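Engineer: Sequence isn't available, so here's the structure alone:
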Ligand SMILES: [Fe+2]
Ligand SMILES: [Fe+2]
């Protein structure tokens, strides 16, 4: 059985993961219209991954005897000045999510909820990867500056994501 404080925090993170999915989907839509189809594809796949993260919380809450409570998902922004600005925000957002996961881990430790600590371990590791991917793409965009040809090369590379 989950403690109420843990159940509430897990439901909040479920919402945050679905918001991440929504945010990246909005970024994907923006990149489709620029058009930067490779960036769009990368973000579309990232949106799917975030939904899968949300479903991990969904399944864990149920398995641990809690109740899933879906709440309103905030509307993400819809326009960005450049793909550079998009990926600045991806990286900033992932750092924010990492802090949320760490806060959740702090709570699970405080409540001595060993099953939840174990469950969250996967997310702690996943966030290292998420930040690394986002910061790498951000750095590549910065390096290429405004050289359109180079940016199209990166767009082509990111479009290879499966
Ligand atoms: Fe996530
Ligand atoms: Fe993420």
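Structural biologist: Arrived safely. Keep in mind that what you see is a predicted model, and the values were worked out from it rather than measured. Residues are numbered from 1 along each chain as shown. Ligands and ions are numbered 1, 2, ... in the order given.

Engineer: Can you tell me the centre-most residue of the protein?
Structural biologist: The centroid of the chain falls nearest to residue 20 when counting by CA atoms, centre = their mean (4.6 Å).

Engineer: wait, doesn't that residue sit right on residue 89?
Structural biologist: No: between residue 20 and residue 89 no contact is recorded; they are 11.4 Å apart, counting by CB atoms under 8 Å. Where C-beta positions appear, they are placed from N, C-alpha and C, glycine not excepted.

Engineer: give me the number of residues near the closest residue to ligand 1 within the chain?
Structural biologist: Nearest residue of the chain to ligand 1 (CB to the ion) works out as residue 53 at 3.6 Å. Applying other CB atoms under 10 Å, we find 23 other residues in the vicinity of residue 53.

Engineer: which residues touch it?
Structural biologist: With contacts taken as CB atoms under 8 Å, 6 or more residues apart in numbering, residue 53 has the following neighbours: 17, 20, 123, 126.

Engineer: Swap in 6 Å and give it another go.
Structural biologist: Residues in contact with residue 53 (CB atoms under 6 Å, 6 or more residues apart in numbering) are residue 17.

Engineer: same question, residue 158
Structural biologist: So, once contact is read as CB under 6 Å, 6+ apart, residue 158 ends up touching 38, 39, 42.
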